[in-house]
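S.K.: everything below, folded, please.
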Amino acid sequence: MRMIRPIAGLALATLVLAAPVAFAKPGDGYIWEYSSTMDMSGMKMPMPAVQRCQPTDKPEKTPPMEGKCTVSNVQTNGNTTSFEMSCPPPDEMKGKGTSTITETTMDAEWTYSSADGEMGMTMHGERKAPCDTTAPQPGMPAMPGMPPGMAPPR
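M.R.: Residues are numbered from 1 along each chain as shown. The predicted structure follows:
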């Protein structure tokens with residue numbers, strides 16, 4: 001189970017990435033549908049698709065972090081952002097990734113290593129329909145072993 005902790009955290013964290021749209025009003029958002037695949041030791045595991053209502057005015061190009069985990073070396077070129085991330089012990093991990101975001105799609109790829117080995121994830125998101133971000137949203141399913149440094153989706 002230790003091997004899944006960093007991947008589960010990244011899978012959840014990536015669900016908050018959103019494409020920017022200019023001149024958004026508070027509450028304006030779009031439903032985004034995300035599908036992802038985790039790769040551990042050559043074994044690919046598709047994750048169930050998830051839909052989230054996300055604000056149009058707050059694009060997230062890197063995974064949100066909590067505690068002592070950090071994102072660094074963030075570089076944006078056009079609509080592609082690259083970054084590095086790290087978390088200290090006890091759930092130490094280091095990684096790097098890229099995300100490419102347009103008005104209607106998001107593609108991300110991350111690789112990272114921990115004491116349990118190398119892991120990777122690819123994700124694709126599509127903008128579906130307008131939504132009101134101030135309306136109640138269903139909660140995200142709990143994923144056991146999410147590292148303490150990875151923030152849950154907002």
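S.K.: just the CA trace of the strand ranked longest in the chain, in CSV.
M.R.: Longest strand of the chain, by residue count under DSSP state E: strand 117-132. The C-alpha trace of strand 117-132 is given here as CSV (Å, rounded to 0.1, in the frame of the first residue of the first chain):
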residue,chain,number,x,y,z
GLY,A,117,10.2,3.0,-6.6
GLU,A,118,9.4,4.9,-9.8
MET,A,119,5.9,5.8,-10.6
GLY,A,120,4.1,7.8,-13.3
MET,A,121,0.7,9.2,-14.2
THR,A,122,-0.9,10.6,-17.3
MET,A,123,-4.2,12.5,-17.3
HIS,A,124,-6.6,14.0,-19.8
GLY,A,125,-9.3,16.5,-19.0
GLU,A,126,-12.1,17.9,-21.1
ARG,A,127,-14.3,20.9,-20.5
LYS,A,128,-18.0,19.8,-20.6
ALA,A,129,-20.6,22.4,-19.7
PRO,A,130,-21.0,25.6,-17.7
CYS,A,131,-21.7,25.3,-13.9
ASP,A,132,-22.0,27.4,-10.8
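S.K.: who does that strand pair up with?
M.R.: In the sheet, strand 117-132 lines up against strand 28-40 (antiparallel), strand 105-114 (antiparallel) (DSSP bridges).
S.K.: and those: which comes nearest residue 86?
M.R.: Among the strands paired with strand 117-132, strand 105-114 comes nearest to residue 86, with 8.8 Å by Cβ to Cβ. Heads up, the C-betas are built off the backbone N, CA and C, glycines and all.
S.K.: for the chain, which residues score under the pLDDT cut-off?
M.R.: 1-26, 57-60, 64, 66, 137-154 (pLDDT under 70).
S.K.: recalculate using a threshold of 80.
M.R.: 1-27, 57-67, 136-154 (pLDDT under 80).
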